[in-house]
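>>> Pasting the sequence and the predicted model now:
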Amino acid sequence: MAQRWQQALIHPSQSIRDALQCMNDEALRLVMVVDEQQHLIGVVTDGDIRRGLLGDLTLDHPVQAIMNTSPATAAEGTSKASLVRLMKSRSILSVPLVKDGKVVGLETLQHALDKQRYHNPVFIMAGGLGTRLRPLTDECPKPMLKVGDKPILETILQSFIDAGFSNFYISTHYMPEKIQDYFGDGSRWGVDIHYVHEASPLGTGGALGLLPDDLPDLPIIMINGDILTKVDFERLLNFHNDSQATATMCVREYEYQIPYGVINGQGIEITSMEEKPIQRFFINAGIYVVSPELARSVPKNQPVDMPSLLDQRMQQQEKVVMFPIHEYWLDIGRMDDFHRAQADIYTFERESV
């Protein structure tokens, strides 16, 4: 976000000259026109000024004569990727950030494209047998199945690379050579990839015990190797750090409609009836952020699933939090999911930056 966005606010009665001076002082190509309560009522770009002057207006005319009263805006907290997509689709270089109609920031395309670099390890769990996707997995580990024109695992890897991560660990078990032969040391993608091998399946959390001792003392992002998602990993990591939690679990809302009328009663007396109610739950999305202390606490070669591992920590009164995700998410665990992924992947990649 532009650091001095407040300097790019002007009132509708101020002159075109004031707007031009503001753009020059702040090296911006847009000023935001607001009312006394800082509600956005328009924007003025250098193009608006040129068109105004060509239309016989002078620099002393108020900016309300040339402002765009229907500018593109974005809600506070919108991900960088979404902001970049918006600005590219509208061919604009900056977009006001608003909350309840009030200006709370200004994002520029140049700043949004600046990539933050993260040294946090990313641990991708790719050792599963993929039993439910047989016969596709008879000769290929599930994370190496192609969705679109590339393996699922490569799409996951690229999503993290796009978000600024470069330090990867991949757990393997079933047909490990097919994964290692394809990804190697990661140099093809300009990142570092290391492997830990499970001689026998260790569950979704047991492989943490195989990670090397010299990992950076930073939270570790974990993800199942069969998930397609547009989760904003930067926001996830910031959420975890702000929460000061031992672990963060990404969760997804899941709806289930009971196909019958539900009857509630007390004794033999009916107290209420509800026809085919919808139940809503949060489900585990297979993405976590864990503290380095938690990772180091997992014994080598001891099977444990992540829910059990986190439950142990909660029993010890440690803080475990959930991060609801609303972005695209698909667990490719069944054949129906695999076919859906084939249909979704082109939209998924088109929306990627």
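All right, it came through fine.

>>> going forward, measure contacts between C-alpha atoms and count neighbours the same way
OK.

>>> Can you name the next helix or strand after the longest strand seen in the chain?
Looking only at the chain and at elements set by DSSP state E, the strand with the highest residue count is strand 278-290. Toward the C-terminal end, the helix or strand that comes next after strand 278-290 (DSSP states H and E) is helix 292-297.

>>> tell me how far that following helix is from the chain's mean position?
The chain centroid and the centroid of helix 292-297 are separated by 24 Å under Cα atoms, centre = their mean, to the nearest Å.

>>> re earlier: any buried residues in the longest strand of the chain, and which?
Under the neighbour-count criterion of 16 or more other Cα atoms under 10 Å, strand 278-290 has 284-290 buried.

>>> In the top helix by length along the chain, which residues are buried?
Longest helix of the chain, by residue count under DSSP state H: helix 335-350. Applying a neighbour-count criterion of 16+ other Cα under 10 Å, one finds 338, 341, 344-345 buried in helix 335-350.

>>> buried sites along the helix or strand where residue 49 lies?
Element membership for residue 49, per DSSP H and E: helix 46-54. Within helix 46-54, the residues scored as buried using 16+ other Cα under 10 Å are 48-49, 52.

>>> what does whichever helix or strand comes after that helix rub up against?
As assigned by DSSP H and E, the chain's next helix or strand after helix 46-54 is strand 74-75. Identification of contacts with strand 74-75 by Cα atoms under 8 Å, 6 or more residues apart in numbering yields 83, 95-99.

>>> most neighbours, which of those?
For the contacts of strand 74-75, the largest neighbour count, defined by other Cα atoms under 10 Å, is 25 neighbours, found at residue 96.

>>> Check the contact between that residue and residue 73; I expect there is one.
Yes. In this structure, residue 96 is within contact of residue 73 by Cα atoms under 8 Å, at 5.2 Å.

>>> Contacts only, for the nearest residue to residue 227 once chain neighbours are set aside.
With sequence-adjacent residues excluded and distances taken as Cα to Cα, 6 or more residues apart in numbering, residue 227 is closest to residue 331, at 4.7 Å. Counting by Cα under 8 Å, 6+ apart, residue 331 makes contact with 226-228, 285, 337.

>>> Dump those to a markdown table, plus pLDDT and distance to residue 23.
Formatted as a markdown table, the contacts of residue 331 follow (pLDDT from 0 to 100; distance: Cα to Cα, whole Å):
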| residue | pLDDT | distance to residue 23 |
| --- | --- | --- |
| 226 | 92 | 48 |
| 227 | 92 | 44 |
| 228 | 90 | 42 |
| 285 | 94 | 45 |
| 337 | 89 | 50 |
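
>>> Now the two most distant members of these.
285 and 337 (14.4 Å; Cα to Cα).

>>> related to what we said a few turns ago, tell me how far the residue nearest to residue 227 lies from residue 84.
In this view, residue 331 and residue 84 are 26 Å apart by Cα to Cα, to the nearest Å.

>>> Ok, residue 257 next?
Per Cα to Cα, residue 257 is found 37 Å from residue 84.
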